[in-house]
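Asker: give me the fold of what follows.
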Amino acid sequence: MQSLSGQHVHGQDERIGSRALLGATAAYAILSTVGLVAFGTLPAASETGAQLVAWFREHGDSVRWGVWAFTAAAPPFALMVALLRRLLPAPHGDMFLIGAVAFMAALAVYTWTWAGLALHTDQLEPATARAILDVAVFFGPVLTGSTTTMMAPVTLLAMSRQPRIPRWLGALGLIAFVEQAVETITIFGSTGFAQPGGAMNMQLGAGLTFSWILAFGFWGGARGRDHSNFEGRGTA
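Answerer: Next comes the predicted model:
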């Protein structure tokens, strides 16, 4: 009876966890999309200080809405990570968690930098805007370390001989991982596609990473099971 009761509780927990994961992933998707739309096409490293001042004066309110959306997206993302980690064995789950926490921390620093620039646009000086944004645009190049740390353990599990993760998610993870690894070259860029904060960072890289995070979250909510439950059943 105790065994049956335990299995019933495990099954109930899995269903609750799956619903929570689906809900958290949907909330994160919606809020992040709002943030991305609000920010729009961002100025990058090649813009002049005068161009930046003009851009912030035109888009200051949109930037603050974008910062709000990304801030509001933090709790559902944290719940996603906590539940997804349960689907992964050690040390894969720990590595995924470390990457996700670094991702959240970097995003927080990035967004509060943009919010600060948007706060007093009437007093913003070109040299100041350029100097501060030079720090912010390296969010994309440096974030590749966090994203590859998240993707690597999940992708390795999907590509193993007895995968716990579906192959299609592994294929998407491999594509995104390779792109993010190549994207580290934007650390040395200055103009064009590979400049810091440019299209390689904010369109291509961000799009692939966002797609992978959502794919992992929705798959986990729809099909995933707690890894510890698998272990418990195997030894029962």
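Asker: number of residues surrounding Glu58?
Answerer: Counted with other Cβ atoms under 10 Å, the neighbours of Glu58 add up to 10. For glycine as for every other residue, the C-beta is placed from the backbone atoms N, C-alpha and C.
Asker: now do the one 5 residues further on
Answerer: The number of residues packed around Val63, counting by other Cβ under 10 Å, is 23.
Asker: let's have the chain start at 11 instead
Answerer: Okay, using 11 as the starting number, the last item reads as Val73.
Asker: which strand or helix spans it?
Answerer: Element membership for Val73 (DSSP states H and E) is helix 59-82.
Asker: which strands or helices does that helix pack on?
Answerer: helix 12-49, helix 102-129, helix 136-146 (3 or more Cβ pairs under 8 Å, 6 or more residues apart in numbering; DSSP states H and E).
Asker: quick one: closest of these to Arg177.
Answerer: Taking Cβ to Cβ, helix 102-129 is the member of these nearest to Arg177, at 16.5 Å.
Asker: next, the angle from that closest one to helix 136-146.
Answerer: Direction vectors for helix 102-129 and helix 136-146, defined by axes from the mean of the first three to the mean of the last three Cα atoms, to 10 degrees, enclose an angle of 170 degrees.
Asker: helices or strands up against helix 102-129?
Answerer: Against helix 102-129 (3+ Cβ pairs under 8 Å, 6+ apart) you get helix 59-82, helix 84-95, helix 136-146, helix 149-168.
Asker: let's have the ones you listed in TSV, adding distance to Ala30 and mean pLDDT.
Answerer: What follows is the helices and strands packed on helix 102-129, written out as TSV (distance: least, Cβ to Cβ, whole Å; pLDDT from 0 to 100):
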stretch	distance to Ala30	mean pLDDT
helix 59-82	17	97
helix 84-95	6	97
helix 136-146	33	95
helix 149-168	19	97
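Asker: residues contacting Phe203?
Answerer: Ala209, Met210 (Cβ atoms under 8 Å, 6 or more residues apart in numbering).
Asker: highest mean neighbour count out of the helices and strands packed on helix 59-82?
Answerer: Mean neighbour count (mean count of other Cβ atoms under 10 Å) peaks for helix 102-129 among these, with a mean of 18.
Asker: next, the angle helix 149-168 makes with it.
Answerer: Going by the same axes, to 10 degrees, helix 102-129 makes 160 degrees with helix 149-168.
Asker: average pLDDT for helix 102-129, rounded please.
Answerer: Mean per-residue pLDDT for helix 102-129: 97.
Asker: what's the angle between it and helix 84-95?
Answerer: Inter-element angle recorded for helix 102-129 and helix 84-95: 170 degrees (by the same axes, to 10 degrees).
Asker: quick one: helix 102-129 to chain centroid distance?
Answerer: Centroid separation for helix 102-129 versus its chain: 8 Å, with Cα atoms, centre = their mean, to the nearest Å.
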